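**Student:** Here is my input, please return the structure:
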Amino acid sequence: MPAIISSNTYGKSCVRLLKVKRSGKVHDISELTVNILLEGDFESAHTDGDNSKVLPTDTMKNTVYALAKEDPVNSPEEFGLSLCEYLLKNHEQISKVSAEISEKLWKRIHTGEDKINSDHSFIRSGNEKKTAKISVMENEKTITSGLTDLLILKTTDSGFEKFYKDKYTTLKETSDRVFSTSVTAEWIYNKPDVNFNEQHNNVRRIILETFAGHKSLSVQHTLYEMGKNVIEYVKEVGEIHIIMPNKHYLLFDLEKLGLNNDNEIFIPTDEPFGLIEATVKRS
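**Tutor:** Next up is the predicted model:
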């Protein structure tokens, strides 16, 4: 039986971009990492070594920078859509363009002192990023917004009790523990035209408010509450997928040192960790 190409795709990964937007003395910045994938009439490149339809991945990289010069780069979603639509429109051998974009979050430096010029000075704290996934075909486009590495922690109002046990279970029940997680979330809008930055801020705010105010009986319990609240209060969101690793802080045994540990001294651990995820959508 002869071998055939059942599917193929190719593209450019990790194209890094910083755009400085200068409005007089006041500057804004956007720092993106862009991944591009193309699908289309490229089978002959595999089967015959025919490169006549292969757009070089270096050209894809150049296209990112060229379009960033003309595009305001207001959000990862909008820039990704412009990029995908340009590549699809200008190359007939391409049938689908996909882009995954992450944005590092920079904020202006504000110290309350007049001598600090925050018009063009920025600070980045933590690893949190905005994310976007865009795919464009001739008569179809999809946009998924998201965030990743949103690291949060609470020191009470969290427990884990009455869980299922078998002969290998050694974990003790607790009604009061440190709860920390690094949230990754992706959501799909139920309408085509939205203010992506505004809705991203709304989703992020609800995730944080829910985490801070929810009496958590498990990671699953809080994850669902986050998703439910996003669906309830952000009408533009049709569904949201949330991933929450349980970043363990283990109570240190101070009794062997002759001391009491009243939920004050913990050992932060990276591995192993629990991993919980779920999708919440409108009923």
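
**Student:** C-alpha only now, for contacts and for neighbours.
**Tutor:** Fine.

**Student:** So the closest residue in space to Thr279 that isn't next to it in sequence, which state does it fall into?
**Tutor:** Among residues not flanking Thr279 along the chain, His241 sits closest, at 4.2 Å (CA to CA, 6 or more residues apart in numbering). When classified by DSSP: H, G, I helix; E, B strand; the rest coil, His241 comes out as strand.

**Student:** again with Phe211
**Tutor:** helix.

**Student:** Give me the nearest residue to the residue nearest to the spatial centre of the chain, chain neighbours excluded.
**Tutor:** Averaging the C-alpha coordinates of the chain gives a centre point, and the residue nearest to it by CA atoms, centre = their mean is Leu147 (2.9 Å). Nearest non-adjacent residue to Leu147, counting by CA to CA, 6+ apart: Lys130, 4.5 Å away.

**Student:** now swap in Asn8 and tell me
**Tutor:** Glu39 (6.7 Å).

**Student:** To which secondary structure element is the one you found assigned?
**Tutor:** strand 26-40 (DSSP states H and E).

**Student:** just Asn62 next, same as before
**Tutor:** helix 57-70.

**Student:** State the mean pLDDT of the next helix-or-strand element following that helix.
**Tutor:** Sequence-wise, the next helix or strand downstream of helix 57-70 (DSSP H and E) is helix 76-90. With pLDDT averaged residue by residue, helix 76-90 scores 99.

**Student:** Repeat that for stretch 123-130.
**Tutor:** pLDDT averaged over stretch 123-130 gives 93.

**Student:** cool, and stretch 200-213?
**Tutor:** 99.

**Student:** What residues sit buried inside it?
**Tutor:** Residues of stretch 200-213 classed as buried: 200, 203-204, 206-207, 210-212 (neighbour count, 16 or more other CA atoms under 10 Å).

**Student:** cool, and stretch 160-171?
**Tutor:** Quick answer for stretch 160-171 (16+ other CA under 10 Å): Phe160.

**Student:** what about it, start to end distance?
**Tutor:** 10 Å (CA to CA, to the nearest Å).

**Student:** again with stretch 98-112
**Tutor:** Span of stretch 98-112 from end to end, CA to CA: 43 Å.

**Student:** what does stretch 5-14 give?
**Tutor:** Using CA to CA, the two ends of stretch 5-14 sit 26 Å apart.

**Student:** Please name the spatially closest residue to Tyr224 (chain neighbours excluded).
**Tutor:** Val280 is the one closest to Tyr224 (CA to CA, 6+ apart), at 7.1 Å.

**Student:** Look up how far Asn229 lies from the one you found.
**Tutor:** On the measure of CA to CA, Val280 and Asn229 end up 10 Å apart.

**Student:** Nothing else from me, thank you.
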